[in-house]
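J.: Here is my input, please return the structure:
(chains A and B)
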Amino acid sequence: MQLTRRNVLGLTAGAAAFAVAGARITPALASAEDAEKMVMEFAGGATPSEGKVMLNAPEIAENGNTVPVTVTVESAMSGDDLVESVIIFADGNPSPAVATFHFTEMSGEALATTRIRLAKTQNVIAVAKMKDGSVFMDKKQVKVTIGGCGG
Amino acid sequence: MASKPRIKVPKSATAGEVITIKTLISHDMESGQRKDKDGNPIPRQIINKFTCTFEGQVVFECDLDPAISANPYFEFNAKVPASGTFKFTWLDDDGSVYEAEAPIEVK
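T.: Numbers count the residues shown, from 1 in each chain, chains lettered A, B, ... in the order given. Here you go, the predicted model:
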């Protein structure tokens, strides 16, 4: 095999993945049901409907230690049309809760970006609660090459 | 444990404009899931709350869980009604509070 830049990169990535997998102590992972239960708890009786919330996450994350995610919620952010909070879950992490964003009228726009850890390939779920009590959710599957939990 | 926070806020805006704020703080965000060389669990130590206020009014808040990456980064929007100062606060599990400020001028 000719030693090209591409080959070298591929080999080192493979070796690194192997080393990580070998040294890892598998933590007890939360199940999708746990995440669903937490979604319901957050929704407080309302049934989450599709739409309004947009969750942006990469389809494939090479490094589960930092996966950028962005949530946007369609809202005028004034009066009754206000997003109160958005919660993010990862249903395959040791604990599904990731972050809760709280917005106010001063936010101007319900948008937030952060970087999260994902232990393995799984669904990332964003649930938004509006001031009038309605709840919306969006779900994205993120494929993770190297997990970001434990060590 | 955490170092000086880095913040990006525009220097000026027009009244009522919605601006984007970016913040980053260096912190290990020890998740409590990891184990040391001898197999003992490393205790959790993360920043558990981030708040941004403008002249005393809350603009954006976030409750963080251990699944937030090391060196937590946030990008969010804020409405600027008048000249003033944005205040940022990070709360650590160990009780430490990290603070930062950024002024903005309305033209």
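J.: what's the offset of stretch B:57-74 from the middle of its chain?
T.: 6 Å (CA atoms, centre = their mean, to the nearest Å).
J.: how about it, does it get close to chain A?
T.: Yes - contact of stretch B:57-74 with chain A (CB under 8 Å from any CB of the partner chain) involves B:57-70, B:72-74. (Glycine included, C-beta is placed from N, CA and C.)
J.: what residues does chain B put near chain A?
T.: Residues of chain B lying near chain A (CB under 8 Å from any CB): B:18-19, B:31, B:33-35, B:39, B:54, B:57-70, B:72-79.
J.: Among the residues you listed, name the ones in strands.
T.: Under the assignment DSSP state E, those contribute B:18-19, B:54, B:57-64, B:73-79 to strands.
J.: Contacts only, for the residue positioned nearest the centre of chain A.
T.: What sits nearest the mean C-alpha location of chain A, by CA atoms, centre = their mean, is residue A:124, with 3.7 Å. With contact taken as CB atoms under 8 Å, 6 or more residues apart in numbering or on different chains, residue A:124 is in contact with A:55, A:57, A:69, A:88-90, A:98, A:116, A:118, A:139-142.
J.: what's the closest of these to chain B?
T.: residue A:98 (4.2 Å; CB to the nearest CB).
J.: Give the helix, strand or coil label for that closest one.
T.: Recorded secondary structure, residue A:98: strand (DSSP: H, G, I helix; E, B strand; the rest coil).
J.: what's the neighbour count on it?
T.: Residues lying near residue A:98 (other CB atoms under 10 Å in any protein chain shown) number 25.
J.: Need the pLDDT of it.
T.: Listed pLDDT for residue A:98 reads 93.
J.: Hmm, it is touching residue B:65, no?
T.: Yes - using CB atoms under 8 Å, residue A:98 is in contact with residue B:65, at 5.6 Å.
J.: helix or strand for the spatially most central residue of chain B, which one?
T.: The centroid of chain B falls nearest to residue B:50 when counting by CA atoms, centre = their mean (4.6 Å). Using DSSP states H and E, residue B:50 falls within strand B:47-54.
J.: Please tell me how far the closest residue to residue A:141 other than its chain neighbours sits from residue A:145.
T.: Distances taken as CB to CB, 6 or more residues apart in numbering or on different chains place residue A:123 nearest to residue A:141, at 5.3 Å, with adjacent residues excluded. Separation of residue A:123 from residue A:145 (CB to CB, to the nearest Å) stands at 17 Å.
J.: what about the chain, any weak spots by pLDDT?
T.: As the question left the chain open, I've gone with chain A. For chain A, the stretches with pLDDT under 70 are A:1-31, A:149-151.
J.: Chain B, not that one
T.: Using pLDDT under 70, chain B drops low at B:1-2.
J.: Please name the bridge partners of residue 68.
T.: No chain in the question, so chain A it is. Applying DSSP bridges to residue A:68 gives these bridge partners: residue A:115.
J.: Switch to chain B, please.
T.: Where residue B:68 sits in a bridge, its partners, by DSSP bridges, are residue A:116.
J.: Please give me every residue in contact with it.
T.: So residue B:68 contacts A:98-99, A:114-117, B:29, B:46-47 (CB under 8 Å, 6+ apart).
J.: likewise residue A:118?
T.: With contacts defined as CB under 8 Å, 6+ apart, the neighbours of residue A:118 are A:61, A:64, A:67, A:90, A:92-93, A:124, A:142, A:144, A:147-149, B:67.
J.: Let me know the distance separating it from residue A:66.
T.: Applying CB to CB to residue A:118 and residue A:66 gives a distance of 9 Å.
J.: got it, and residue A:53?
T.: For residue A:53 relative to residue A:66 (CB to CB), the value is 22 Å.
J.: Leaving out chain neighbours, which residue sits closest to residue 74?
T.: This is for chain A. residue A:52 (4.9 Å).
J.: You answered for a different chain; I wanted chain B.
T.: Leaving aside its sequence neighbours, residue B:74 sits nearest to residue B:23 (CB to CB, 6+ apart; 5.0 Å).
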